[in-house]
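**Student:** here is my input; please provide its structure:
(chains A and B)
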Protein chains: 2
Amino acid sequence: MEKFTVTILGCGSALPTTRHNGSAQIVNIREKLFLIDCAEGTQVHLRRNHISLNRLQTVFISHLHGDHCFGLPGLISTQGLLGRTAPLHIYGPEDIETVFRPMLDYFCNGMQFEVVFHPVDTHQHQLIYDDRSVSIYTIPLKHRIRCCGYLFKEKPLLPHIRREAIELYNIPLWQINNIKAGADFVAEDGRRIPNAELTIAREAPRSYAYCSDTAFKPDIAPLLEDATLLYHEATFAESEAELCDKVYHSTARQAAQIAQMAHAHQLVIGHFSSRYDDETCLLEEAKSVFPNTILAHENLTLTL
Amino acid sequence: MEKFTVTILGCGSALPTTRHNGSAQIVNIREKLFLIDCAEGTQVHLRRNHISLNRLQTVFISHLHGDHCFGLPGLISTQGLLGRTAPLHIYGPEDIETVFRPMLDYFCNGMQFEVVFHPVDTHQHQLIYDDRSVSIYTIPLKHRIRCCGYLFKEKPLLPHIRREAIELYNIPLWQINNIKAGADFVAEDGRRIPNAELTIAREAPRSYAYCSDTAFKPDIAPLLEDATLLYHEATFAESEAELCDKVYHSTARQAAQIAQMAHAHQLVIGHFSSRYDDETCLLEEAKSVFPNTILAHENLTLTL
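**Tutor:** Okay, the predicted model is just below:
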């Protein structure tokens, strides 16, 4: 299987504690690294996970609350000091450039690389990034300010060709890519060999959905259908459902309901309120609805 | 003795590492807390040292490089979330408000306290803060951008009055403050009792000097004369003296020379380059010039 992992760098909420950092995650798809959110201290948490800052190509910011983006100026400054030359692409809500460009102009003056901001419409479910390995979509969320999640959909892998078929039918090299793309093969004797006999299908493409911060929003479930892994915020337990509504966050039960409706394979909950010294109550609550749930924690790497 | 401590929250330099945080320190003078510099992550390092964020009254920023100030937006946001109402005073180079006010306007909108910026002239040695416990002065430094250190001079403590003198000469209560302030006492029989017979002198006032970041600048030594404790940056060893000059930093030997010229009682060196996995070479170098030198490290509290 090609690499597809998610590493949690921080899964706390607005008040950083000594137990949890603010939000940040690394998605590694076939050794391409994507950063989602960038709370204060993210550059150090990357180092702690032995992830080179200059391997980051693209950053996705869910919303402009400090616990999701205050690490950007430090991350970018340090990339400059480390001699980065490749552009850094940052996707986020429309104000993102207005807010951070003046900081960069002041502090990162004279750096050898460009920071390119890509404003996204947080109200739409749209394809915003596409390369040969992955397509990335926004997921509209419901928070106090403009906010969206991000859905990473792996591109299907081309099938392997059976070695023995190449020998048996004497398949020339120039035909290999056609067969991988689905073509049958016509042998020297005129016989048509069906594609299925020549190839070994690869694993189904995987997907990862990041949904934080948001109030309960069941209409996102169809967008996340069949997600291999869903990270959904679970700031509070059901006992705080009223507070949760007021501040546009989700309970652990609500996170699990989304996972259930989306037929996700696994749910990881995070963005824990600092009031919990132990999140077992959140885990139990979510598991009662969606059994395949785990708690996020710092430096946890999940393989999809 | 009244409390006077310095707690190091970070003593790394431009590249934060997993060993050292960027610059930040807490000075506690008679339970008043002053923060000097505020690198990314300072709010968490305060928590780690069980220092309540809302006990901070005043912040002093040496210069506007990220490793000395990128923690400000996060610190201020969190103070707001914790319900701070008292104003926060921030002293720093003249651009400080221009740089940070827009961030605060965007992220800290609706908070219940005021952030008051006090621009300081980094080229002057001036009194910038004064209360009943301490006088704080700028120390002009020599760096790539405007930069100053800060000198904390404890106010002299009034002497104690000898209990036995009060009884012996029948000193009335209303005379106590006059005597503490230096007056003699005229007894009922007309005898003048000299002040020295009535009082017990207190310890000499202490002082703390923070000098970071700076190239070797011997003309600051007279300003630091007799400092109880001097924190001086020592980014590199003498073997990097040329680089040091170029980037306006000091070697460990130069830091020690300043301590020696200033007749400081103790020197603590910090702001270590990330190239040193072990700063023993810097310590040995400084000690060869000024024996009473120690290395800074995170969470170290020094009592003056």
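
**Student:** contacts and neighbour counts: CA atoms only from here.
**Tutor:** Fine.

**Student:** where does chain A get nearest to chain B, residue-wise?
**Tutor:** residue A:41 (5.5 Å; CA to the nearest CA).

**Student:** can you list the weak-confidence ranges in the stretch 201-304 of chain A?
**Tutor:** For the stretch 201-304 of chain A, applying pLDDT under 70 flags no range at all.

**Student:** could I get the buried residue list for the biggest helix by length in chain A?
**Tutor:** Criterion DSSP state H: the longest helix present in chain A is helix A:96-107. Within helix A:96-107, the residues scored as buried using 16 or more other CA atoms under 10 Å in any protein chain shown are A:96-97, A:100-104, A:107.

**Student:** closest to residue A:233 among those residues?
**Tutor:** Comparing those against residue A:233 with CA to CA places residue A:96 closest, at 22.0 Å.

**Student:** which residues are in contact with that closest one?
**Tutor:** For residue A:96, the contact set (CA atoms under 8 Å, 6 or more residues apart in numbering or on different chains) comprises A:64, A:117, A:119.

**Student:** need those residues in JSON lines (columns: secondary structure and neighbour count).
**Tutor:** What follows is the contacts of residue A:96, written out as JSON lines (DSSP: H, G, I helix; E, B strand; the rest coil; neighbours: other CA atoms under 10 Å in any protein chain shown):
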{"residue": "A:64", "secondary structure": "coil", "neighbour count": "21"}
{"residue": "A:117", "secondary structure": "strand", "neighbour count": "20"}
{"residue": "A:119", "secondary structure": "strand", "neighbour count": "16"}
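
**Student:** those residues also near chain B: which ones?
**Tutor:** The overlap between the contacts of residue A:96 and the neighbours of chain B (CA under 8 Å from any CA of the partner chain) comes to residue A:64.

**Student:** need the contacts of residue A:96 in a markdown table with pLDDT and distance to residue B:54, can you?
**Tutor:** Formatted as a markdown table, the contacts of residue A:96 follow (pLDDT from 0 to 100; distance: CA to CA, whole Å):
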| residue | pLDDT | distance to residue B:54 |
| --- | --- | --- |
| A:64 | 98 | 24 |
| A:117 | 98 | 35 |
| A:119 | 98 | 35 |
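
**Student:** on that earlier part again, CA atoms only: put the longest helix of chain A into PDB for me.
**Tutor:** C-alpha atoms of helix A:96-107 as PDB (Å, rounded to 0.1, in the frame of the first residue of the first chain):
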ATOM      1  CA  ILE A  96      -6.200  34.900   5.700                       C
ATOM      2  CA  GLU A  97      -4.000  37.100   3.500                       C
ATOM      3  CA  THR A  98      -5.200  40.300   4.900                       C
ATOM      4  CA  VAL A  99      -4.400  39.100   8.400                       C
ATOM      5  CA  PHE A 100      -1.000  37.500   7.800                       C
ATOM      6  CA  ARG A 101       0.500  39.300   4.900                       C
ATOM      7  CA  PRO A 102       1.500  42.400   7.000                       C
ATOM      8  CA  MET A 103       3.200  40.200   9.600                       C
ATOM      9  CA  LEU A 104       5.200  38.400   6.800                       C
ATOM     10  CA  ASP A 105       6.100  41.700   5.200                       C
ATOM     11  CA  TYR A 106       7.500  42.900   8.500                       C
ATOM     12  CA  PHE A 107       9.100  39.800   9.900                       C
END
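
**Student:** gap between the two ends of stretch A:35-53?
**Tutor:** Between the opening and closing residues of stretch A:35-53 lies a distance of 10 Å (CA to CA, to the nearest Å).

**Student:** quick one, the longest helix of chain A and helix B:96-107 angle?
**Tutor:** Angle, helix A:96-107 to helix B:96-107, by axes from the mean of the first three to the mean of the last three CA atoms, to 10 degrees: 160 degrees.

**Student:** where exactly do the helices run in chain A?
**Tutor:** Taking DSSP H as the test, the helices found in chain A are A:42-48, A:66-69, A:72-81, A:96-107, A:163-169, A:176-180, A:195-198, A:241-247, A:252-261, A:280-287.

**Student:** residue A:3 against residue A:28, yeah?
**Tutor:** Yes - Residue A:3 is within contact range of residue A:28, at 7.0 Å (criterion: CA atoms under 8 Å).

**Student:** how about the residues of chain A near chain B?
**Tutor:** So chain A meets chain B at A:14-18, A:40-41, A:44, A:47-48, A:64-67, A:70-71, A:73-74, A:77-78, A:81, A:99, A:102-103, A:106-107 (CA under 8 Å from any CA).

**Student:** could you identify the buried members of these?
**Tutor:** Buried residues within the residues of chain A next to chain B, counting neighbours by 16+ other CA under 10 Å: A:14-17, A:40-41, A:44, A:64-67, A:70-71, A:73-74, A:77-78, A:102-103, A:107.

**Student:** as a quick check, tell me the outermost residue of chain A.
**Tutor:** residue A:189 (49.8 Å; CA atoms, centre = their mean).

**Student:** centre of the chain to the longest helix of chain A, how far?
**Tutor:** Here the centre of helix A:96-107 is set off from its chain's centre by 25 Å, with CA atoms, centre = their mean, to the nearest Å.
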